[in-house]
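Participant: Pasting a predicted model and its sequence here:
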Amino acid sequence: MKIFITRIIPDRGLVLVKEHYPTCDIWSADMPPSREELLQRVRGVDGLLCLLTEKIDAELMDAAGPQLKVISSMSVGVDHIDVAAATARGIPIGNTPGVLTDATADMAFALLFASARRVVEGEKYVRDGKWETWNPKLLLGADFVGATLGIVGFGRIGQAVAKRAQGFDMRVIYYDPTAQPAFDAQPADLETLLRESDFVSIHVPLTEKTRRMVNAEFLAQMKSNSILVNTSRGGVVDQAALYDALKAKKIFAAALDVTDPEPLPTDNPLLELENCLIVPHLGSASQHTRDMMSLLAAENLIAGLKGERLPNCVNPEVYK
């Protein structure tokens, strides 16, 4: 079997793949392969293990050839993969759901706290030598107890965020027409959620329907003292509209774990704003979580190569 792995993944999964397929081809550079290199390296492969940094489209699948049996992504989201094209070719796609739920929910709350209490601004204030005395009006932020948290997208991660909010006596409302109430959270239409929430946390997959859903109209409906957090996908947010809203102080702050593109160019105007916290896609970045993601990705890959049903399959219709 010929296999290509597009980056060095954590040992938990990499060792498992090598045990079964010791001659697998692995891209060893820190940066992902270029499009040209990717198209070349996939030629003739039976299995592909990729990350969210690679665009896996019809052209690439055809470059691989008709023997391609499985595409396994070390991610939950698969917006980087043309699922329809894979399904049309009978190729199952594996992902890694569940194991990163808690880590991503923790990151969402870390960003909520950091933005609300202006942690990064305070740290910079100290390093810049500006801290001269205790000041009763210095870097005042927002409270959590009694505040309303609005969750847009109430799947596994959204519900995990709601569970954490209970510990802070927060009122939780959510917008997700397909979800059922849980953790004392109450459903609301999007307009109501934006009007009433002190914090808005985004947890939707990136689709054509959700692309740029956080736009000027969305932001205009938020409270002026509210905070936006996005740990889903960068493409969900219209970053130009967000910059305008933050610059004009139409909302208090924003915290982004994801951007569009990634990495965000250093001359992006969002980086000029003190009320915009941006981190480099760290939602699942705990040792245990990344180990488990690599393991699931390896198990999906191996199952597909053996002709078995993938443990976590995005397009199960290929088995019908």
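Facilitator: Received, thanks. For clarity, every value in this text was computed on a predicted model and none was experimentally measured.

Participant: the helices in the stretch 1-150 of the chain, which residues?
Facilitator: 11-20, 35-41, 58-64, 83-88, 101-116, 119-127 (DSSP state H, counting those that start in this stretch).

Participant: Just the CA trace of the first one, in CSV.
Facilitator: Right, the one you point to is helix 11-20. In CSV, the C-alpha atoms belonging to helix 11-20 read as follows (Å, rounded to 0.1, in the frame of the first residue of the first chain):
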residue,chain,number,x,y,z
ASP,A,11,3.4,9.9,17.9
ARG,A,12,0.3,8.2,19.1
GLY,A,13,-1.1,8.0,15.6
LEU,A,14,2.1,8.0,13.6
VAL,A,15,3.5,5.0,15.4
LEU,A,16,0.3,3.1,14.7
VAL,A,17,0.4,3.9,10.9
LYS,A,18,4.1,2.9,10.8
GLU,A,19,3.4,-0.4,12.5
HIS,A,20,1.0,-1.3,9.7
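
Participant: returning to what we had before: and among the helices of the stretch 1-150 of the chain, the most buried is which?
Facilitator: Stretch with highest mean neighbour count among these: helix 101-116 (a mean of 22; mean count of other CB atoms under 10 Å). Heads up, the C-betas are built off the backbone N, CA and C, glycines and all.

Participant: which helices and strands does that helix pack with?
Facilitator: helix 156-166, strand 199-202, strand 227-230, strand 253-256, strand 276-278 (3 or more CB pairs under 8 Å, 6 or more residues apart in numbering; DSSP states H and E).

Participant: need those in JSON lines with distance to M1 and mean pLDDT, can you?
Facilitator: What follows is those, written out as JSON lines (distance: least, CB to CB, whole Å; pLDDT from 0 to 100):
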{"stretch": "helix 156-166", "distance to M1": "32", "mean pLDDT": "95"}
{"stretch": "strand 199-202", "distance to M1": "40", "mean pLDDT": "98"}
{"stretch": "strand 227-230", "distance to M1": "39", "mean pLDDT": "98"}
{"stretch": "strand 253-256", "distance to M1": "40", "mean pLDDT": "98"}
{"stretch": "strand 276-278", "distance to M1": "41", "mean pLDDT": "98"}
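
Participant: Which one, of these, ends up nearest to Q239?
Facilitator: strand 253-256 (8.5 Å; CB to CB).

Participant: what lines up beside the closest one in the sheet?
Facilitator: Paired with strand 253-256 in the same sheet, following DSSP bridges, are strand 227-230 (parallel), strand 276-278 (parallel).

Participant: who touches that strand?
Facilitator: 111-112, 114-116, 118, 227-230, 234, 237, 242, 246, 270, 275-279 (CB atoms under 8 Å, 6 or more residues apart in numbering).

Participant: That'll do, ta.
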